[in-house]
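With the sequence up front, the predicted model follows.
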Amino acid sequence: MRDDIPEWLGKPPHRGSEAWEIWLMQWRKYARRELKDDAADNPEFDYGLLSTEERWRVNLRLTIKENIEAGREGRHPPEVSPKSVTDLNHAAFVSWQVGRSTRTQDLDIDTTSLEQWVAKRINARRQRIAHGIRYGFLAGLGAEATAPSWSTPDYVAAYEAAWEMGNCIAIETDPR
């Protein structure tokens with residue numbers, strides 16, 4: 001939860017109550033007008049109430065889901081930006097590779113260049129996220145979910161998002 005909620009607005013009441021709906025309406029109006037926060041209208045980002053780190057994890061989850069699906073559908077990989085390399089860019093490429101692996105194991109120019117790009121830009125945090133994506137997806141496809149190798153929030157968020165996508169695919173393709 002953000003820590004810059006104005007005093008005049010007070011602490012949020014219990015969710016789901018009538019007081020919550022009134023408070024949320026006032027918060028969203030304030031966040032849109034004063035903070036210029038686009039997330040005030042987005043339930044994925046809890047209407048702008050998430051902290052910066054929580055927003056990053058939501059972005060990670062959305063990036064993983066979007067790019068696993070893109071890889072599964074055979075779309076081209078995300079654009080490689082030589083100037084700006086972020087952990088989210090890295091997660092997008094790994095997710096695309098994971099999604100593509102459900103279609104084919106054949107190597108092509110996209111896969112080869114992307115693997116080289118990912119390998120050159122790996123660091124400890126990106127490795128944790130990539131591990132979470134790969135193992136979460138495999139666990140979702142049919143294995144039992146296991147205790148995470150790391151308990152960091154970025155690893156857990158990546159694992160859970162990939163697990164959810166793998167689980168959806170497993171349910172979708174179950175012949176029963």
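Structure received. Numbering: from 1, shown residues only.

residue boundaries of the helices in this protein?
Secondary structure of the chain (DSSP state H): helices located at 18-33, 52-72, 87-100, 109-120, 124-141, 153-173.

Check those for me and report the most buried one.
Stretch with highest mean neighbour count among the helices of the chain: helix 87-100 (a mean of 24; mean count of other CB atoms under 10 Å). Glycine gets a C-beta too; all of them are placed from N, C-alpha and C.

Report the angle between the helix or strand bottoming out on mean pLDDT in the chain and helix 87-100.
Every helix and strand in the chain was compared by mean pLDDT, DSSP states H and E; the lowest is helix 109-120, with a mean of 73. Counting by axes from the mean of the first three to the mean of the last three CA atoms, to 10 degrees, helix 109-120 lies at 140 degrees to helix 87-100.

Centre of the chain to helix 109-120, how far?
21 Å (CA atoms, centre = their mean, to the nearest Å).

repeat for stretch 35-42
Counting by CA atoms, centre = their mean, stretch 35-42 comes out at 19 Å from the chain centroid.

buried residues in that stretch?
37, 39-40 (16 or more other CB atoms under 10 Å).

Just the pLDDT for the residue positioned nearest the centre of the chain.
Ranked by distance to the mean C-alpha position of the chain (CA atoms, centre = their mean), the top residue is residue 61 at 1.3 Å. Reported pLDDT at residue 61 in the predicted model: 86.

Just give the nearest non-adjacent residue to it, would you?
Nearest residue to residue 61, sequence neighbours excluded (CB to CB, 6 or more residues apart in numbering): residue 161, at 4.0 Å.

my guess is the one you found contacts residue 58, does it?
No - with contact defined as CB atoms under 8 Å, residue 161 does not reach residue 58; the gap is 9.6 Å.

got the contact list for stretch 131-141?
Contact partners of stretch 131-141, identified using CB atoms under 8 Å, 6 or more residues apart in numbering, comprise 64, 68, 91, 94-95, 98, 145-146, 148-150, 154-170.
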